[in-house]
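> have a look at this fold, sequence not included:
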């Protein structure tokens, strides 16, 4: 039972890490500022 819980927590941690990495990997200091938007 503990093995299943640990495996589920590990998968959740990997998912959170992957989402965080893809959100902030291209930005120098995290969130972009309002002036950084592409206005067409």
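Here it is on my side, so go on. Values in this document were obtained by computation on a predicted structure and should not be read as measured data. Numbers count the residues shown, from 1 in each chain.
> in the protein, mark out all the helices, start to finish.
Using DSSP state H, the helices of the chain run over 2-24.
> give the residue spans of it that score low on pLDDT.
Within the chain, the ranges that satisfy pLDDT under 70 run 27-40.
> let's go with 90 and repeat that
Residues of the chain that meet the criterion pLDDT under 90 lie in 21, 23-40.
> just give me the neighbour total for residue 16.
10 (other Cβ atoms under 10 Å). Using the backbone N, CA and C atoms, a C-beta is placed for each residue, glycine as well.
> equivalent analysis for residue 6, please.
Residues lying near residue 6 (other Cβ under 10 Å) number 10.
> list the contacts for it?
Residues near residue 6 by Cβ atoms under 8 Å, 6 or more residues apart in numbering: none.
> distance check, it against residue 22.
Residue 6 is 25 Å from residue 22, where distance means Cβ to Cβ, to the nearest Å.
> for residue 8, same thing?
Distance, residue 8 to residue 22, by Cβ to Cβ: 21 Å.
> and residue 2, by the same measure?
For residue 2, the distance to residue 22 (Cβ to Cβ) stands at 31 Å.
> who has more neighbours out of those two?
Shown here are residue 2 and residue 22; by other Cβ under 10 Å, residue 22 has more neighbours (9 against 6).
> any idea how far that one lies from residue 11?
Spatial separation of residue 22 from residue 11 under the definition Cβ to Cβ is 17 Å.
> also residue 18?
Following Cβ to Cβ, the distance that separates residue 18 from residue 11 is 11 Å.
> could you do residue 21 as well?
The gap separating residue 21 from residue 11 is 16 Å, by Cβ to Cβ.
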